[in-house]
Structures are given as C-alpha cells and as structure tokens.
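Asker: Need a 3D model of the following:
(chains A and B)
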Amino acid sequence: RKEVEQDPGPFNVPEGATVAFNCTYSNSASQSFFWYRQDCRKEPKLLMSVYSSGNEDGRFTAQLNRASQYISLLIRDSKLSDSATYLCAVQQGSTLGRLYFGRGTQLTVWP
Amino acid sequence: SAVISQKPSRDICQRGTSLTIQCQVDSQVTMMFWYRQQPGQSLTLIATANQGSEATYESGFVIDKFPISRPNLTFSTLTVSNMSPEDSSIYLCSVAGQGSGNTIYFGEGSWLTVV
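Answerer: Numbering: from 1, shown residues only, chains lettered A, B, ... in the order given. The predicted structure follows:
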C-alpha cells in the first residue's frame, strides 16, 4: 500500500466552479501535511500547510481529518490560472522536509 | 526564504554513463533532500543528504546507484550511476530549516533523458 493515495483525476471544471480534492495517508504517525501546486514542467510550490483546525487562504481551504487519515483541498470560484497538478504531501516523523507525495490530481479550468 | 540553483537543468545521456547533479542554496539550511519524479508520476524521496556523513536512503534506493555528497550546509550533489532509460526522470533537490525556516523549498529540477 502506498504511503499517500490521491485520486489522479483529471478534473475538468468551468470557471467559477468549486472543486475538492482528497488524499489519504497510511501512517498514523504522520505529523505534518501540505498541499503543493505543480505547473507543467515546473517544480512543486507550496500552496498551503494543513492543520487539524483547518485553514483557509483566500479561495483555498484545507482540512485534516486525523481519525480517518485524510486531507482535503477545496478551491472555490475556480480561475483559469488554477489549472495545474495539485500534490498532497505528508511528513512522517519529526524530520522537517522528509515528505511523501501523492500522485497528484490534475485540474483543468475551462472558460 | 531560500533560493536553490540546480545544475544541469537538463541533459541527454548515454546509457551506462553517470551524471552528477549539483544543488546550491543561497543560505545555510539544515536539511537537504533529493527526489525523483518519473514521467507522469509523483515525487519519490530518494535520500536525505547529511552534512559531513553518508546520506540516508529510502527503501528501494542504494548508495551505489545514487551516491550523494553534502560537504557543507549550502551544497549537495546527486550522482546517477550506470544510467539506463528507466532513470529518465526529473531529479529535484529540496531544502528546509534554518535559512529556509519551516518552509520546504524545491529546486527547479534537473531533467534527465537516458538514450
């Protein structure tokens, strides 16, 4: 079983739509959780960290459910510029930066 | 923040040869890592580059195939040895800690094609 499982999509949505991605992780000792965005042929860039209390950054909301071992990302009012691959990442243990990634979910927002 | 420079940015290599990728950071960082992203796949952690000592490899990766150096807190190299077409991938350096703070940064990646 993979450390991090993620629906690869693709998700094709119109501008203005709300879209949600989920990701599950297998190791209950995982400590930190992140969503990264990766544009085609570019390196991943941190979108947001995910906290137990949930956190919001503009149109983006991230949630963590430790009991069910999944994290989610909600994008509201989708923009064309949101088209990218979204990767969830899990840090196991206390080593900062030692991440395990999901396969990524491809999002295309069309006009 | 941390600015990461990776070299080469891309290369085409003959099978059986080896290539060394460099990762230079503009500030001292605590942690440095090497990842691989094969075509259409996500990132897979190869190893943690430890300053002044042997790297810590993840399951499925070995030192003979991916020797790593980290002579100081701002520089690391990854060598892909005895390459085969299956090694065609993007190799990414990432850093965290100290100058990078708690944010994990990635280099732009080194695109490697083995023919």
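Asker: Which helix or strand contains the closest residue to B:Thr20 other than its chain neighbours?
Answerer: The spatially closest residue to B:Thr20, leaving aside those adjacent along the chain, is B:Thr79, at 4.6 Å (CB to CB, 6 or more residues apart in numbering or on different chains). Backbone N, C-alpha and C define where each C-beta goes, glycine included. If you go by DSSP states H and E, B:Thr79 is part of strand B:75-80.
Asker: I'd like the average pLDDT over that strand.
Answerer: Average pLDDT, strand B:75-80: 97.
Asker: And it, what does it pack against?
Answerer: Under the contact definition 3 or more CB pairs under 8 Å, 6 or more residues apart in numbering or on different chains; DSSP states H and E, strand B:75-80 sits against strand B:19-25, strand B:31-37, strand B:43-49, strand B:68-72, strand B:89-96.
Asker: Okay, buried residues for it please.
Answerer: Residues B:75-78, B:80 are the ones in strand B:75-80 that count as buried (16 or more other CB atoms under 10 Å in any protein chain shown).
Asker: Could you export it as PDB, CA atoms only?
Answerer: Below are the C-alpha coordinates for strand B:75-80, written out as PDB (Å, rounded to 0.1, in the frame of the first residue of the first chain):
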ATOM      1  CA  PHE B  75      25.700  22.400  -1.300                       C
ATOM      2  CA  SER B  76      24.900  18.800  -2.300                       C
ATOM      3  CA  THR B  77      25.400  16.600  -5.300                       C
ATOM      4  CA  LEU B  78      23.500  13.500  -6.500                       C
ATOM      5  CA  THR B  79      25.100  11.200  -9.000                       C
ATOM      6  CA  VAL B  80      23.000   8.800 -11.100                       C
END
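Asker: what distance separates the strand or helix carrying B:Thr113 from the middle of the whole chain?
Answerer: Following DSSP H and E, one finds B:Thr113 within strand B:110-114. Averaging C-alpha positions (CA atoms, centre = their mean, to the nearest Å) puts strand B:110-114 12 Å from its chain's average.
Asker: how far off strand B:89-96 does it point, in degrees?
Answerer: Relative orientation of strand B:110-114 and strand B:89-96, computed by axes from the mean of the first three to the mean of the last three CA atoms, to 10 degrees: 150 degrees.
Asker: So what touches strand B:110-114?
Answerer: B:6-15, B:19, B:21, B:80, B:83-92 (CB atoms under 8 Å, 6 or more residues apart in numbering or on different chains).
Asker: can we see that at 7 Å?
Answerer: Applying CB atoms under 7 Å, 6 or more residues apart in numbering or on different chains, the external contacts of strand B:110-114 come out as B:6, B:8-13, B:15, B:19, B:21, B:80, B:83-85, B:87-91.
Asker: Low-confidence regions, chain B specifically.
Answerer: Where chain B drops to pLDDT under 70, the residues are B:99-100.
Asker: could you measure the residue lying closest to B:Pro8 once chain neighbours are set aside against B:Ser89, distance?
Answerer: Distances taken as CB to CB, 6+ apart place B:Ser110 nearest to B:Pro8, at 5.8 Å, with adjacent residues excluded. For B:Ser110, the distance to B:Ser89 equals 9 Å [CB to CB, to the nearest Å].
Asker: Comparing the two, which shows the higher neighbour count?
Answerer: B:Ser110 (23 against 20; other CB atoms under 10 Å in any protein chain shown).
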